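# here's a sequence, model it:
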Amino acid sequence: MRILAVNDDGIACAGIQDLTAALISAGHELVVVAPDREQSGMSHALSLGRGIAVKELEPGRWACRGTPADCVIAALSGGFIPRPELVVSGINAGANLGTDLIYSGTAAGARQAALDGLPGIAFSLDGQPPFDFHAAAAWAAAYIHEFIPLIKGDMFLNVNFPSGVKAETSWRHAVPARRRYTNRMTMTPGGNGWQLLSFNDFEMDTAADDGSDCVIVEHGFVALSRVLIQPAIEEIFHE
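Purely as a prediction, here's the structure:
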């Protein structure tokens with residue numbers, strides 16, 4: 001299978017390197033088009049009006065001066081790689097659970113694939129550094145054929161690995177939990193009349209019901225959420 005790999009942690013991150021190595025070992029054809037620097041928290045931002053610079057670092061491995069969504073758009077529309085059959089995004093250093101999907105550049109890579117009519121899967125690994133991307137990548141390569149048929153219509157898959165994932169770890173269908181953040185910020189003078197607001201800390205309130213991705217990962221399973229990008233019109237106006 002021809003696969004395009006993207007991420008938001010940057011092309012040098014071990015997560016995308018281990019994921020692509022595992023997929024190549026499983027017999028897939030991989031091309032990487034990933035940001036040349038960290039783009040975490042960029043969500044679905046686009047470099048409108050600026051152009052997107054790409055550079056081939058080695059055969060099949062392209063750095064992109066843009067966001068994760070830029071990378072997918074450039075790869076699919078730029079004509080410099082064959083059109084892939086699947087887009088994978090990640091593996092992200094840290095989970096993308098619940099409504100963190102709104103902020104996630106990792107999720108945006110898979111979402112852009114869906115917008116372009118291709119199956120997209122975002123992979124993220126829960127926990128703290130050092131991350132065992134190798135184990136998560138091996139798991140992804142083993143299950144990827146099982147996941148692709150689950151993508152129906154206008155959706156992408158958001159997959160979260162628990163910390164300490166192993167080959168025998170099983171997966172569960174999940175729904176994104178509801179998360180609310182209370183941010184604490186400090187204002188300092190920035191010069192020329194500007195004031196600089198800096199994040200100090202935050203509180204996170206998670207409504208983690210049974211079946212939510214947060215609970216499933218906490219219990220040591222891989223959480224798979226099918227995320228719609230375009231709900232049906234009848235669902236919007238249904239009373």
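# low-confidence ranges, this protein, go.
Applying pLDDT under 70 to the chain flags residues 181, 201-208, 231-239.
# would you map the strands across the protein?
2-6, 29-35, 53-58, 61-65, 86-93, 120-125, 155-161, 171-174, 178-191, 194-207, 222-228 (DSSP state E).
# neighbouring strands - and their directions - for the fifth one?
With DSSP bridges as the test, strand 86-93 is paired with strand 2-6 (parallel), strand 120-125 (parallel).
# same check, this time on the last one
Strand 222-228 has these partner strands in its sheet, going by DSSP bridges: strand 155-161 (antiparallel), strand 171-174 (parallel).
# show residues contacting the first one.
Among residues not part of strand 155-161, those counted as contacts by Cβ atoms under 8 Å, 6 or more residues apart in numbering are 91, 95-97, 101, 107, 110-111, 113-114, 119-126, 136, 139-140, 147, 150-151, 169, 171, 174, 176, 213, 216-217, 222-229. From N, CA and C alone the C-beta is placed, and that goes for glycine too.
# so which of the strands paired with strand 86-93 is the most surrounded?
strand 120-125 (a mean of 28; mean count of other Cβ atoms under 10 Å).
# check the offset of it from the chain's centre.
5 Å (Cα atoms, centre = their mean, to the nearest Å).
# and stretch 170-187, by the same measure?
Relative to its parent chain, stretch 170-187 has a centroid offset of 15 Å by Cα atoms, centre = their mean.
# show the end-to-end separation of stretch 200-218, please.
26 Å (Cα to Cα, to the nearest Å).
# again but with stretch 58-76, I slipped
Distance across stretch 58-76, first residue to last, is 19 Å (Cα to Cα).
# what residues does that stretch touch?
4, 6-8, 11, 30-36, 39, 42, 44-47, 52-57, 80-81, 83-84, 87, 89, 105-106, 108-109, 111-113, 116, 118.
# give me the neighbour count for A69.
The number of residues packed near A69 is 24, by other Cβ atoms under 10 Å.
# center of the protein - which residue?
T106 (2.2 Å; Cα atoms, centre = their mean).
# dump the strands paired with strand 86-93 to TSV, plus distance to L23.
Shown next, in TSV, are the strands paired with strand 86-93 (distance: least, Cβ to Cβ, whole Å):
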stretch	distance to L23
strand 2-6	6
strand 120-125	11
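# just tell me which of those ends up closest to P162.
Among the strands paired with strand 86-93, the nearest to P162 by Cβ to Cβ is strand 120-125 (8.4 Å).
# before we move on, back to that, among the contacts of stretch 58-76, which ones are buried?
By neighbour count, with 16 or more other Cβ atoms under 10 Å, the contacts of stretch 58-76 hold 4, 6-8, 11, 30-36, 39, 42, 44, 47, 52, 54, 81, 84, 87, 89, 105-106, 108-109, 111-113, 118 as buried.
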